[in-house]
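A.B. asks: dropping the sequence and predicted coords here.
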Amino acid sequence: MFEECLIRGRRYAPARFCAPLAGYTHSAFRRLLAELGGCGAAWTEMLAARQILSEDFARSPYVRRRPEEVNLIFQLMVKAGDPLDRILDRLGTQGVTAVDLNLACDAFSIRNCEAGSALFENFDSLRRVATEARRHWPGQLTAKIRLGSRKPGWEARFTERVQFLETCGLDALTLHPRFFEDKFKRRSQIELIPWAASLTRLPLIANGDLGDATHVASLGASLQSASAIMLGRMAIVRPWIFATWDHPNSVDHAGIWRKMCQYITDDFAPPTALRRIGMFAKYYAANFQFGHSFRMAIGNARTMAEAHDRAEDFFSRSPALLATPSYAEI
Ligand SMILES: Cc1cc2nc3c(=O)[nH]c(=O)nc-3n(C[C@H](O)[C@H](O)[C@H](O)COP(=O)(O)O)c2cc1C
């Protein structure tokens with residue numbers, strides 16, 4: 001089904017995917033997402049490739065997958081020299097069918113070990129990693145990229161790499177059209193999607209600052225050459241967004257919050273669970289007019305019980321909703 005979503009040149013009704021977000025798209029969130037109706041495909045958060053060798057696939061909230069999670073793509077944070085043969089073999093034996101290479105991460109700690117967007121820049125390492133990955137992975141292989149580094153000649157470097165990834169045999173690319181130096185400060189240049197799509201026959205998934213159905217429809221011309229769109233932060237704010245895309249529905253915000261807390265508690269040990277709930281609250285708060293008070297109340301809670309009581313107090317006051325969530329500053 002993931003492949004069907006990626007038919008090149010699909011017009012007007014691109015498939016909708018949930019982006020990888022470190023600390024957010026863990027097994028508990030994906031459980032909630034699936035229960036609310038799912039989406040075309042969901043990405044795990046980026047997984048340190050070497051760690052795959054020692055992960056407990058039955059219990060780890062990073063790699064654990066429930067039966068209702070269809071079309072789950074495992075994203076690897078990989079660097080040249082990682083034993084991709086063993087890593088990909090382990091994923092295959094665990095029933096994984098789709099792998100994504102993270103060539104986009106702008107975080108200093110990731111770039112410092114020559115992974116993420118730094119791997120996209122270093123063409124020798126990129127060639128080595130992508131070629132090895134293709135050789136050892138018979139399943140769906142995709143990559144997530146940015147525009148590269150904001151330096152003169154970036155268009156030629158970008159073109160060279162995109163065309164290499166096509167020749168190498170990848171199945172699709174996701175483009176988040178920002179430079180790595182931009183982090184999230186400048187806007188995503190979605191208008192570059194048609195140009196990027198013209199460089200390759202690979203299906204292109206468009207990502208970056210995309211909102212709800214109305215917003216995406218307003219970007220029609222920029223997105224027509226995209227085979228799919230991918231939502232990141234908006235999917236955390238509104239995990240129901242995919243299921244209600246064409247048919248907006250009333251939403252039980254308190255009920256969804258309670259489920260998220262329960263699912264996080266099921267999958268994480270207590271200290272991490274509290275942190276993950278605080279992180280989720282940061283984005284979930286963007287649904288409400290006085291969301292900052294919710295965000296602070298949950299973020300400062302010292303125990304799960306305190307977080308629970310504070311959230312119940314907030315929802316008991318029927319908080320007013322925002323028509324358009326604002327999360328750009330988070
Ligand atoms: C908190 C956070 C964590 C992220 N983690 C990842 C990650 O693990 N892998 C990745 O490829 N991108 C990661 N991203 C980037 C998102 O996948 C996405 O490209 C970006 O947020 C832009 O899309 P959006 O505007 O729909 O959020 C992360 C972004 C945020 C805000």
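C.D. replies: Arrived safely.
A.B. asks: hey, let's count contacts and neighbours off CA atoms from now on
C.D. replies: OK.
A.B. asks: ok, now how distant is the residue of the chain positioned farthest from its centre from Gln289?
C.D. replies: Of all residues in the chain, Arg317 has its C-alpha farthest from the mean position, at 32.5 Å, by CA atoms, centre = their mean. Going from Arg317 to Gln289 by CA to CA, to the nearest Å gives 12 Å.
A.B. asks: thought Ala143 was touching His176, still the case?
C.D. replies: No. The pair His176 / Ala143 is not scored as a contact, 11.0 Å apart, by CA atoms under 8 Å.
A.B. asks: low-confidence ranges in the stretch 201-330 of the chain?
C.D. replies: Across the stretch 201-330 of the chain, residues meeting the criterion (pLDDT under 70) sit at 329-330.
A.B. asks: not counting its neighbours along the chain, what's nearest Thr303?
C.D. replies: Using CA to CA, 6 or more residues apart in numbering and skipping the chain neighbours, the partner closest in space to Thr303 is Leu274 (7.0 Å).
A.B. asks: packing partners for the helix or strand harbouring that neighbour?
C.D. replies: Leu274 is located in helix 270-284, with elements delineated by DSSP states H and E. Here helix 270-284 is seen to pack against helix 233-237, helix 253-267, helix 291-299 when contacts are counted using 3 or more CA pairs under 8 Å, 6 or more residues apart in numbering; DSSP states H and E.
A.B. asks: tell me which of those helices lies nearest to the ligand.
C.D. replies: Between the ligand and the helices and strands packed on helix 270-284, the shortest separation by CA to the nearest ligand atom is 3.8 Å, and it involves helix 233-237.
A.B. asks: next one: that closest one to chain centre, how far?
C.D. replies: Here the centre of mass of C-alpha atoms in helix 233-237, compared against the chain's by CA atoms, centre = their mean, to the nearest Å, lies 10 Å away.
A.B. asks: CA atoms of that helix as CSV?
C.D. replies: Written as CSV, here are the backbone C-alpha positions of helix 233-237 (Å, rounded to 0.1, in the frame of the first residue of the first chain):
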residue,chain,number,x,y,z
ARG,A,233,4.6,18.9,14.1
MET,A,234,1.0,19.3,13.0
ALA,A,235,0.6,15.5,13.3
ILE,A,236,1.7,15.7,17.0
VAL,A,237,-0.6,18.7,17.6
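A.B. asks: for the stretch 151-300 of the chain, which residues are neighbours of the ligand?
C.D. replies: For the stretch 151-300 of the chain, the contact set with the ligand under CA under 6 Å from any ligand atom comprises 176, 207-210, 231-234.
A.B. asks: need these in TSV (columns: neighbour count).
C.D. replies: As requested, those are arranged in TSV below (neighbours: other CA atoms under 10 Å):
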residue	neighbour count
His176	23
Asn207	28
Gly208	21
Asp209	20
Leu210	18
Leu231	22
Gly232	20
Arg233	22
Met234	23
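A.B. asks: now tabulate these in JSON lines and tack on distance to Arg64.
C.D. replies: Conversion of those to JSON lines gives the following (distance: CA to CA, whole Å):
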{"residue": "His176", "distance to Arg64": "26"}
{"residue": "Asn207", "distance to Arg64": "25"}
{"residue": "Gly208", "distance to Arg64": "27"}
{"residue": "Asp209", "distance to Arg64": "28"}
{"residue": "Leu210", "distance to Arg64": "28"}
{"residue": "Leu231", "distance to Arg64": "22"}
{"residue": "Gly232", "distance to Arg64": "20"}
{"residue": "Arg233", "distance to Arg64": "22"}
{"residue": "Met234", "distance to Arg64": "23"}
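A.B. asks: these two touch, right, Ala286 and Val237?
C.D. replies: Yes. With contact defined as CA under 8 Å, Ala286 counts as touching Val237 (6.5 Å).
A.B. asks: what about the strands in this protein?
C.D. replies: 15-18, 41-43, 47-48, 72-77, 98-103, 140-145, 172-175, 204-207, 228-231 (DSSP state E).
A.B. asks: tell me the most buried of these?
C.D. replies: Counting by mean count of other CA atoms under 10 Å, strand 204-207 has the highest mean neighbour count of the strands of the chain, with a mean of 28.
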